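Undergrad: Sequence first, then the predicted structure:
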Amino acid sequence: MIDPVHAARYRALILANQARQGAPALDPSSEVLVVDTARQHLGLLLGGRLVFEAVISTAKNGLGCEQDSYRTPTGWHRIHASIGAGAELGSVFRSRMATGQIWRGEVLDEDLILTRVLTLDGLEEGWNRGAGRDSRARFIYLHGTNQEGQLGTPVSHGCVRLANAAVAELFDLVAEGDPLLIAEGLEGDAFGLGRLHFAGVAGSGMSALAQFLAMKGGRASGSDRSFDRGQRPEARGHLEALGVMITPQDGSGLEGDCAALIVSTAVEEEVPDVAAAQRLGVPVLHRSELLAHLVARYRTVAVTGTSGKSTTVAMTFEILRGAGRDPSIITGGELVALQRKGRWGNAWAGASDLLVIEADESDGSVVRYHPALGVILNLQRDHKEMAAVAEMFRTFRSQLREGAVVGEAENLCEFAGDASVFGFGEGADLRAENLALDGEGSRFTLRDVAFRLPVPGRHNLENALAAISACEALGVSLADMVGPLATFQGVARRFQVLGNARGITVVDDFGHNPAKVAASIQAAHLRVREGGRVLAVFQPHGFGPLKFLRADFVAAFAAELAPADRLWFLEVFYAGGTAARDISSADLIGDLRAHRVVAELAPTREWLVARLAAEAKPGDLILVMGARDPSLTDLAKAILAALPSTDR
């Protein structure tokens, strides 16, 4: 199966060799074959897309252009002749002529040239062209082989060998005169992918990938329209401190040595970086394709589910780190523990082969990943109907390399075979007992080992059980998990207490779908003082999600808010682009009033701050909820500042 991320590597090899004598003039639509001798792979790029890739073998004697050296000649070539059209797979060639013999898989000591022959003509005078060094005179070919079991290892006598089916497929994709590069490796690049440019690099998922690459010795650059507006200087500073080069989002970042453009689902075709990539022939890769490439390189724990991914990933990471396993993390949430080390908080590069990631179902990318261990937390209606998400989970479950951890919910039963099941019921392999929940967190026991979790809510206890089960599957003992979990510092905007003023608590929270909103309000009720109320603020994070989940949101607020509680809506967050703006927060307020929920639309944030400062009383908890909009934390801080007190 083709890994699309290798398009970046092949382009990086082309860019590194464009200054060689005899290098052909290439345009963005050019078709170029690249023999990657370091990886023993061959790839065909067409207009920046990787359309063919195969395992190969080059020379046992290494690389070189000298006559009788039995080495594979490096540098630029062109396909000189295509021989064997229509021949049966396994057809034997000698001196570029078909013998009429067919190899049918029998074991032979003789090294045969089979199926198709693509002869090569060197383009670099004095290197792979000319007396004593000429690739064509040395009879250097691409061809099929009867030694298919040795592909991937340098064993040939100088030619480039492919599997017979692969050389037949390649034969039909190329033509005489097409350029071919036989390249050595890339130096000074830990991932060997060249410079990757991230459009929308200030996004949570994109920034995490860019940081991880930079921390591990890769090369990353990026652009973001928020940076162009002079916004989010702290975020820009975190990226630049790690060596991520920031450019304007005008396409200029795609020039020069850019090997590929990385985009997310939120990046639209109209973004100048995307247009520049198409104009320059730069491969365009989805964020999840790059993450899938990294998942395959590491012993990865991938956490999926419709709620709780970021917190479970953070807990898993902190347990592994506390147990001395030195893991890495790529996540959408910002770990407070990493922020306190001066980092952004959503990426860290450890020294071990362990990597913990979120596997997102909202954009369907969960199906791309082949992790060592997969965690399936829950299945609820969120971005998609549950049946569609369940189908994605089936694919994800089938691709796990070592094992699975699955929640005990009834709608997850089909994924629980041979998995470690966590929960509270009799059927759970890892079962929490002796539960005690309060506004500060929870206490529980697992197989007579006592745990304390310093974040509130039953949903967080479930997240902790998932993390514990995952770490146990990786060989960490329960005893070694107690300390790290007890000192878990949480995830920014996951029920993050910003402070107290005049007996009023202000909480910043990522709750943005009905299940998360319900869980956050439940946790808030655990924390309010006697006689206190929950004063909830909610900003829908998109027009599409609000329209899809309208009835579910109404049901969640109506079920969880107490009669004395209050709710304020901000208008739907709009980050730009072509989203249909065909629903308003005011529409939900009308629905909620029919359920006797006291809800208001905040005309401005300034109005809301003043309104809450006047409304809040000692014992109340102000809960600010919403996703995607980084300024929501500033709003929560402004509300706290408007509550005059010395008790902060």
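TA: Nice, thanks for sending it over.
Undergrad: Least confident secondary structure element in the protein?
TA: Ranking every helix and strand in the chain by mean pLDDT, DSSP states H and E puts helix 543-548 at the bottom, with a mean of 87.
Undergrad: downstream neighbour of that one in the secondary structure list?
TA: If you walk from helix 543-548 toward the C-terminus, the next helix or strand you reach (DSSP states H and E) is helix 550-560.
Undergrad: what bits of the stretch 301-450 of the chain have low per-residue confidence?
TA: Residue ranges of the stretch 301-450 of the chain with pLDDT under 70: 382-384.
Undergrad: With the chain instead?
TA: 382-384, 575-579, 645-648.
Undergrad: can you rerun that using 50?
TA: Within the chain, the ranges that satisfy pLDDT under 50 run 646-648.
Undergrad: What's the biggest helix in it, counting residues?
TA: helix 458-473 (DSSP state H).
Undergrad: Any chance you could list what contacts that helix?
TA: Helix 458-473 is contacted by residues 301, 303, 307-308, 311-312, 315-316, 319-320, 323, 373, 375, 377-378, 402-403, 405, 407, 420, 422-423, 429-430, 432, 435, 437, 441-442, 444, 446, 451, 453, 478, 481, 485, 495, 519, 522-523 when judged by C-beta atoms under 8 Å, 6 or more residues apart in numbering. Placement of C-beta: from N, CA and C, glycine included.
Undergrad: Now which of those residues would you call buried?
TA: 301, 303, 307-308, 311-312, 315-316, 319-320, 323, 373, 375, 377-378, 405, 407, 420, 422-423, 430, 432, 437, 441-442, 444, 446, 451, 453, 478, 481, 485, 495, 519, 522-523 (16 or more other C-beta atoms under 10 Å).
Undergrad: Point out the ones among the residues you listed that are inside strands.
TA: Under the assignment DSSP state E, the buried ones among the contacts of helix 458-473 contribute 301, 303, 373, 375, 405, 407, 420, 422-423, 430, 437, 441-442, 444, 446, 451, 453 to strands.
Undergrad: Next, the angle from the longest helix of the chain to strand 441-446.
TA: 40 degrees (axes from the mean of the first three to the mean of the last three C-alpha atoms, to 10 degrees).
Undergrad: So in terms of bridging, what pairs with residue 441?
TA: Beta-bridge partners of residue 441, counted by DSSP bridges, are residue 438.
Undergrad: And the strands in the stretch 51-200 of the chain, which stretches?
TA: Here the stretch 51-200 of the chain has its strands, by DSSP state E, counting those that start in this stretch, at 75-83, 91-94, 97-102, 113-122, 141-144, 160-162, 179-183, 195-199.
Undergrad: Take the ones you listed and write them to a markdown table, including distance to residue 618.
TA: Listed next are the strands of the stretch 51-200 of the chain as a markdown table, based on distance: least, C-beta to C-beta, whole Å:
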| stretch | distance to residue 618 |
| --- | --- |
| strand 75-83 | 77 |
| strand 91-94 | 88 |
| strand 97-102 | 90 |
| strand 113-122 | 81 |
| strand 141-144 | 79 |
| strand 160-162 | 76 |
| strand 179-183 | 70 |
| strand 195-199 | 46 |
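Undergrad: Tell me which of those sits nearest to residue 4.
TA: Judged by C-beta to C-beta, the one of those that comes nearest to residue 4 is strand 195-199, at 12.7 Å.
Undergrad: chain center to the closest one, what's the gap?
TA: With C-alpha atoms, centre = their mean, to the nearest Å as the basis, strand 195-199 stands 14 Å off its chain's centre.
Undergrad: try stretch 197-211
TA: That offset, for stretch 197-211, works out to 10 Å (C-alpha atoms, centre = their mean).
Undergrad: How about stretch 33-43?
TA: Worked out by C-alpha atoms, centre = their mean, stretch 33-43 lies 25 Å from the chain centre.
Undergrad: Report the buried residues of that stretch.
TA: For stretch 33-43, by 16+ other C-beta under 10 Å, it's 33, 34, 35, 36, 37, 39, 40, 41, 42, 43.
Undergrad: How far does it stretch from one end to the other?
TA: In terms of C-alpha to C-alpha, to the nearest Å, the two terminal residues of stretch 33-43 are separated by 6 Å.
Undergrad: what do you get for stretch 412-429?
TA: End to end - C-alpha to C-alpha - stretch 412-429 spans 14 Å.
Undergrad: Contacts for it next, please.
TA: By C-beta under 8 Å, 6+ apart, stretch 412-429 touches 376, 378-379, 390, 393-394, 397, 403-409, 430-432, 435, 462, 465-466, 468-469, 472-473.
Undergrad: Strands along the stretch 251-400 of the chain, start to end?
TA: So, for the stretch 251-400 of the chain - with DSSP E, counting those that start in this stretch - the strands run 258-263, 284-286, 299-304, 328-330, 347-348, 354-358, 373-376.
Undergrad: quick one, which of those strands is nearest to residue 63?
TA: Using C-beta to C-beta, the strands of the stretch 251-400 of the chain put strand 258-263 closest to residue 63, at 22.3 Å.
Undergrad: What helices and strands are in contact with the closest one?
TA: helix 6-16, strand 195-199, helix 272-280, strand 284-286, helix 287-297 (3 or more C-beta pairs under 8 Å, 6 or more residues apart in numbering; DSSP states H and E).
Undergrad: Out of the ones you listed, flag the one nearest residue 241.
TA: strand 195-199 (16.0 Å).
Undergrad: Residue 430 and residue 445 touch, don't they?
TA: No: counting by C-beta atoms under 8 Å, residue 430 stays clear of residue 445, with 11.5 Å between them.
Undergrad: Report the central residue of this structure.
TA: Centroid-nearest residue in the chain, with C-alpha atoms, centre = their mean: residue 291, separated by 3.5 Å.
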